[in-house]
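# Have a look; sequence and predicted model below, questions after that.
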Amino acid sequence: MLRSIVCLLALSPVLSAASGTMSVRIDAGSSPGPLPRFWTGCGFTTAERILHGDYQQYIAYMGSVPYGGIDRLRIHHMGKLVGRGEDKWRRFDAALDVLWRHRIGHLFEIMDFGPDTDDCDTPEGVAQMRAAVAELAAHLIARYGQDEVRSWLFETMNENRKNLEKKHGEGYIAACVAGLADVDPALRFGGPGYRPGSPLSFVRAAMEAPNPVTGGNGSRLDFVSVHIKDPATEQMDKQVRFIEEMRAAYPSLTGVLWVNDENDPWGGWHKHHEWAAGPQFAAYIANSVAQGLYRIRDGLGQPYACSHDNAFLGMGSWSQRTQLIGWHQILDEKPSSGRRRPVEPSYYYKASWRGDSERFALIKKAAHQGHVALAFLGRERLAVAGAPEGSSNCNLIATRVDDSAEVVAILLYNDRGPAGKKGRYEQAVGDQQIALQIQGLPSGAKRLVHYRIDAERSNPHPVH
């Protein structure tokens with residue numbers, strides 16, 4: 001009688017010569033604690049595109065990742081969908097309803113709601129911003145329910161350091177905190193959501209600056225968000241340093257949630273890197289999640305969440321920082337013949353969308369399968385001995401799916417990040433031979449299930 005299943009999830013760029021052997025012992029009967037799902041967010045741009053059929057299909061794919069493997073999107077410019085009069089919330093609601101249908105929550109950027117940030121240096125501007133945020137929060141709770149909206153995060157804005165650290169930025173922060181609290185004090189607010197460098201100057205403004213709402217100093221800060229974009233080990237080195245700086249300056253923030261909500265190997269989602277087409281990207285995703293677990297959650301004891309900024313659509317190109325690639329019929333709006341005609345698919349950066357969103361084909365890249373592999377991990381970690389240190393680019397996460405340890409899921413990855421500013425990625429990282437010794441499984445027959453993402457498996461790019 002079959003009593004247990006061992007599921008191996010292996011992510012590696014290519015098959016090549018072995019470069020060593022690692023011996024790891026896993027005790028399926030012993031757990032050091034739970035494995036929180038802290039990596040299930042993704043970035044999406046822009047809000048307008050949610051109203052198009054192709055992006056709605058894309059969001060359906062995000063929601064279909066098993067076990068809620070992607071359950072939160074961070075979407076730019078939702079406020080631009082808000083209109084006026086009786087139709088004020090129509091397009092806004094239509095977009096958020098797409099997420100709701102697929103059980104996807106939100107990391108909400110407050111930017112684009114209310115007056116310009118510059119206006120928050122006056123009492124009138126602060127009052128208007130506070131009222132706008134309160135109206136937004138009340139509308140969301142009325143439509144989606146208090147418990148659901150409490151699970152979301154509300155963030156200042158996207159990558160706007162110059163505004164947040166001026167006087168009007170201090171008023172903006174205070175107004176956002178007050179507007180959310182007017183409706184529900186349990187709604188969570190934070191920021192700054194920018195890069196590069198440490199967020200300490202923003203934290204100082206939020207914690208110490210004069211508060212035009214209360215008349216005192218400082219505002220509530222429920223989470224601190226950054227955009228750190230580097231290969232996994234370098235990225236984590238920076239985050240650890242920034243967290244330590246923040247905690248040294250403000251010990252009270254030791255328990256605050258730290259979020260890297262654009263957790264990416266490089267900046268600039270319009271840029272092209274050939275290695276993003278295949279399993280290298282999947283290995284990076286696993287590596288960055290594991291290092292966040294081992295070096296921030298375990299190593300520092302800091303609450304941590306990450307959001308991979310890759311849930312938007314690569315249009316006609318495999319080499320963008322995306323989970324899927326889409327081919328569309330692109331319409332030439334100024335043809336010499338005077339008639340609109342299809343042209344070759346291409347990517348238009350900072351240009352109006354000219355595609356036919358009803359005539360398209362979407363293909364899941366290996367990066368998407370990386371999120372699927374993470375989703376198969378259980379909710380309880382297993383005791384591991386012999387694994388490398390947390391900063392290793394070749395490592396594993398061992399879990400059990402149920403308390404009886406009848407189903408065990410182990411994720412192994414072999415990653416080497418892009419080197420240098422040009423983002424070159426080694427095509428061969430060298431196979432790592434790993435000897436797994438698993439004890440503590442129930443007696444009886446066992447089944448080994450092995451999933452791989454490498455150059456030959458779960459990788460559609462070579463056959464396109």
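Great, that's in hand.
# Which helix or strand in the chain has the lowest average pLDDT?
None of the helices or strands of the chain scores lower by mean pLDDT, DSSP states H and E than strand 341-343, at a mean of 38.
# In this protein, what residue spans correspond to helices?
53-63, 90-101, 123-144, 146-150, 161-164, 167-183, 200-208, 232-249, 279-291, 366-375 (DSSP state H).
# Out of the ones you listed, the one nearest residue 222 is which?
Nearest to residue 222, of all the helices of the chain, is helix 167-183, at 9.1 Å by CB to CB. Using the backbone N, CA and C atoms, a C-beta is placed for each residue, glycine as well.
# which residues sit against the closest one?
110, 114, 117-122, 125-127, 129-134, 136-138, 141, 154, 156, 163-164, 187, 189, 191, 205-206, 209-214, 219-220 (CB atoms under 8 Å, 6 or more residues apart in numbering).
# buried subset of those residues?
By neighbour count, with 16 or more other CB atoms under 10 Å, these hold 110, 114, 117, 119-121, 125-127, 129-134, 136-137, 141, 154, 156, 163-164, 187, 189, 191, 205-206, 209, 211-213, 219-220 as buried.
# What count of nearby residues applies to residue 77?
When neighbours are defined as other CB atoms under 10 Å, residue 77 has 14 of them.
# That one against residue 47, yeah?
Yes - using CB atoms under 8 Å, residue 77 is in contact with residue 47, at 4.9 Å.
# Not counting sequence-adjacent ones, nearest residue to residue 397?
Distances taken as CB to CB, 6 or more residues apart in numbering place residue 411 nearest to residue 397, at 4.7 Å, with adjacent residues excluded.
# Just give me the residue closest to the centre of the protein.
With distances taken as CA atoms, centre = their mean, residue 307 lies nearest the centre of the chain, 1.6 Å away.
# ok, it to residue 185 distance?
25 Å (CB to CB, to the nearest Å).
# same question, residue 408
42 Å.
# Who has more neighbours out of those two?
Just comparing residue 408 and residue 185: by other CB under 10 Å the higher neighbour count belongs to residue 408, 24 against 9.
# So that one is in contact with residue 396, correct?
No - under the criterion of CB under 8 Å, residue 408 is not in contact with residue 396, lying 11.9 Å apart.
# Would you check that residue 91 makes contact with residue 51?
Yes - look at residue 91 against residue 51 with CB under 8 Å: they come within range, at 6.7 Å.
# Among those two, which residue is more densely surrounded?
Taking other CB under 10 Å, residue 91 and residue 51 do not tie; residue 91 has more neighbours (17 against 14).
# so what's the more buried one up against?
Listed by CB under 8 Å, 6+ apart, the contact partners of residue 91 are 51, 81-83.
# any idea how far residue 302 lies from residue 388?
In this view, residue 302 and residue 388 are 22 Å apart by CB to CB.
# Among these two, which residue is more densely surrounded?
Per other CB under 10 Å, whichever of residue 302 and residue 388 has more neighbours is residue 302, with 23 against 14.
# so what's that one up against?
Counting by CB under 8 Å, 6+ apart, residue 302 makes contact with 243, 247, 254-255, 258, 296.
# do that again at 6 Å, thanks
243, 258, 296 (CB atoms under 6 Å, 6 or more residues apart in numbering).
# Turn these into JSON lines, columns for pLDDT, neighbour count and distance to residue 311.
Formatted as JSON lines, the contacts of residue 302 follow (pLDDT from 0 to 100; neighbours: other CB atoms under 10 Å; distance: CB to CB, whole Å):
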{"residue": "243", "pLDDT": "96", "neighbour count": "24", "distance to residue 311": "26"}
{"residue": "258", "pLDDT": "97", "neighbour count": "25", "distance to residue 311": "21"}
{"residue": "296", "pLDDT": "97", "neighbour count": "23", "distance to residue 311": "22"}
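# is it possible to export these to JSON lines including distance to residue 69?
Below are the contacts of residue 302 laid out as JSON lines (distance: CB to CB, whole Å):
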{"residue": "243", "distance to residue 69": "26"}
{"residue": "258", "distance to residue 69": "21"}
{"residue": "296", "distance to residue 69": "20"}
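# Now flag whichever of those is closest to residue 102.
Residue 102 lies nearest to residue 258 out of the contacts of residue 302, by CB to CB, at 27.2 Å.
# Residue 187 and residue 179: what is the separation?
Relative to residue 179, residue 187 is positioned 9 Å away (CB to CB).
# do the same with residue 92
Distance of residue 92 to residue 179, given as CB to CB: 17 Å.
# So for the two, which sits in the more crowded spot?
Between residue 92 and residue 179, counted using other CB under 10 Å, the more crowded position is residue 179 (28 against 21).
# where does that one land on pLDDT?
Looking at residue 179, its pLDDT stands at 97.
# now it, nearest residue through space, not along the chain?
Residue 179's closest residue in space is residue 133 (CB to CB, 6+ apart), at 2.8 Å.
# Same check on residue 100?
In this structure, residue 100 finds its nearest non-sequential neighbour in residue 144, 6.4 Å apart by CB to CB, 6+ apart.
# repeat for residue 407
For residue 407, ignoring the flanking residues on the chain, the nearest one in space by CB to CB, 6+ apart is residue 401 at 3.9 Å.
# What is the burial count for the one you found?
For residue 401, the neighbour count with other CB under 10 Å is 18.
# OK, contacts around it?
378, 407, 409.
# Return the residues in contact with residue 200.
Applying CB under 6 Å, 6+ apart, we find residue 200 in contact with 245-246.
# Could you report the distance from it to residue 321?
Residue 200 is 27 Å from residue 321, by CB to CB.
# low pLDDT regions in the protein?
The chain contains residues with pLDDT under 70 at 1-4, 12-20, 313-316, 328-358, 416-430, 464.
# Residue 390 is in contact with residue 293, isn't it?
No - using CB atoms under 6 Å, residue 390 is not in contact with residue 293; the gap is 7.9 Å.
# ok, those two, which is more surrounded?
The neighbour comparison of residue 390 against residue 293 (other CB under 10 Å) goes to residue 293, with 21 against 17.
# Skipping its backbone neighbours, what lies nearest the more buried one in space?
Closest to residue 293 by CB to CB, 6+ apart is residue 397, at 6.9 Å.
# Can you get me a residue count around the nearest residue to residue 389 once chain neighbours are set aside?
With sequence-adjacent residues excluded and distances taken as CB to CB, 6+ apart, residue 389 is closest to residue 294, at 8.0 Å. Residue 294 is flanked by 19 other residues according to other CB under 10 Å.
# Please tell me I have it right and residue 294 contacts residue 391.
No - using CB under 6 Å, residue 294 is not in contact with residue 391, being 8.0 Å away.
# what residues are shared contacts of those two?
Shared contacts of residue 294 and residue 391 (CB under 6 Å, 6+ apart): none.
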